[in-house]
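Novice: Here you go, sequence then predicted model.
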Amino acid sequence: MSHEQDGKIGIARRALLRRAALLAPALGVAARASFAADEKMTQKDAEYQPTPKDGHACVDCQYFQPPEACKLVKGKISPNGWCSFWGSKPPQ
Ligand code: SF4
């Protein structure tokens, strides 16, 4: 497979994962079970950054797992971080 094909597949996979993450709350489905640890996205793919963006931070995201993990993104996740999959917690 060429590098170009790898890139297209990566982009398509990210787009699919992004849509799944966005649709999950609308469908009332928690993304938790379907994302095993080895299926999580890389921080780079999720466009993770260790600082908040536009007033949004991981600590307020439905996918955050205290103290420093995420259901969707691999690695150590700061409560003050942010990524492109940020989703507000549902009302309680
Ligand atoms: S914003 Fe949400 S989905 Fe993204 S890394 Fe933080 S907790 Fe995970």
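Specialist: Here it is on my side, so go on.
Novice: Report the separation between Val59 and Glu39.
Specialist: With distances taken as CB to CB, to the nearest Å, Val59 is found 23 Å from Glu39. Where C-beta positions appear, they are placed from N, C-alpha and C, glycine not excepted.
Novice: between those two, which one's more packed in?
Specialist: Counted by other CB atoms under 10 Å, Val59 and Glu39 do not tie: Val59 has more neighbours, with 15 against 10.
Novice: Quick check: the more buried one is in a helix.
Specialist: Yes. Judged by DSSP: H, G, I helix; E, B strand; the rest coil, Val59 forms part of a helix.
Novice: hey, where'd the helices end up in this protein?
Specialist: For the chain, the helices defined by DSSP state H occupy 3-27.
Novice: Return the helix or strand in it with minimum mean pLDDT.
Specialist: helix 3-27 (a mean of 61; mean pLDDT, DSSP states H and E).
Novice: And stretch 43-55, what's buried?
Specialist: For stretch 43-55, the neighbour count (16 or more other CB atoms under 10 Å) marks Gln43, Asp45, Ala46, Tyr48, Pro52 as buried.
Novice: Within reach of the ligand, which of the residues you listed are there?
Specialist: When these are checked against the ligand using CB under 6 Å from any ligand atom, the ones in range are Ala46, Tyr48.
Novice: Throw the buried residues of stretch 43-55 into TSV and include pLDDT, thanks.
Specialist: Output for the buried residues of stretch 43-55, formatted as TSV (pLDDT from 0 to 100):
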residue	pLDDT
Gln43	98
Asp45	97
Ala46	98
Tyr48	98
Pro52	98
